[in-house]
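1. For reference, the sequence and a predicted model appear below.
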Amino acid sequence: MHEAAPKLAAGPIDVVVGILMKPNGDVLLGQRPAGKPYAGYWEFPGGKVEAGEALFAALQREFVEELGLHIDQATEWCGVEHVYEHAHVRLHFFISRAWQGEPQSLEGQAFAWQGKVGVAPLLPATIPLLEWLDLVRYPAYPRVLHK
Ligand SMILES: Nc1nc2c([nH]c(=O)n2[C@H]2C[C@H](O)[C@@H](COP(=O)(O)OP(=O)(O)OP(=O)(O)O)O2)c(=O)[nH]1
């Protein structure tokens, strides 16, 4: 029997994603809770932008709702579009080095501060970013590669 593919919204859905970065380069990843698409996969915390909401305001809201912490400042770093079977998303990645509070598991999710990222699996659209992120976290990285 032929099953109709799930209908995707016409345009991409905007998603804000925050990379909290400690002075030593460690970044915070979270594990997607049960009940969401790709439950159990690791991601940088974030979520969908609401209608009419500014990107940074959405980022601050998501971090309060999911982690109970306040982002003071963040820089928009890069954008990635990805078509999943459940949604077509446009991801806006921010890097923040200025926040207040410790991550709390308000949605039952696990967290991990990572230098070399060792948690798996990661959301597919996030995987290519790790290498680019290393250029930001570890400025000597290209030289290390050419050793
Ligand atoms: N937070 C986050 N989402 C990512 C990353 N990479 C990636 O492909 N995504 C995708 C997965 C989802 O399709 C989408 C995020 O949507 P979501 O369902 O987690 O958002 P939300 O927390 O607002 O969810 P909900 O309120 O609808 O339950 O972006 C990432 O690194 N972090």
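-> Perfect, thanks for sending it. Numbers count the residues shown, from 1 in each chain.
2. Where do the strands of this protein begin and end?
-> In the chain, the strands defined using DSSP state E lie at 13-20, 27-31, 42-43, 46-48, 70-83, 88-100, 111-114.
3. Quick one, which of these gets closest to Pro128.
-> strand 70-83 (7.7 Å; C-beta to C-beta). C-beta coordinates here come from the backbone N, C-alpha and C atoms, glycine included.
4. any chance of the strands of the chain in TSV, plus mean pLDDT?
-> Converted to TSV, the strands of the chain look like this (pLDDT from 0 to 100):
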stretch	mean pLDDT
strand 13-20	98
strand 27-31	98
strand 42-43	98
strand 46-48	98
strand 70-83	97
strand 88-100	98
strand 111-114	98
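5. need the ones you listed in a markdown table with mean neighbour count and distance to Leu133, can you?
-> Output for the strands of the chain, formatted as a markdown table (neighbours: other C-beta atoms under 10 Å; distance: least, C-beta to C-beta, whole Å):
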| stretch | mean neighbour count | distance to Leu133 |
| --- | --- | --- |
| strand 13-20 | 22 | 7 |
| strand 27-31 | 20 | 7 |
| strand 42-43 | 22 | 13 |
| strand 46-48 | 17 | 15 |
| strand 70-83 | 14 | 8 |
| strand 88-100 | 17 | 8 |
| strand 111-114 | 15 | 10 |
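6. Just put the ones you listed in TSV and tack on distance to the ligand.
-> As requested, the strands of the chain are exported to TSV (distance: least, C-beta to the nearest ligand atom, whole Å):
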stretch	distance to the ligand
strand 13-20	4
strand 27-31	8
strand 42-43	3
strand 46-48	3
strand 70-83	5
strand 88-100	4
strand 111-114	13
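7. Which helix in this structure has the most residues?
-> Ranked by residue count under DSSP state H, the longest helix found in the chain is helix 55-67.
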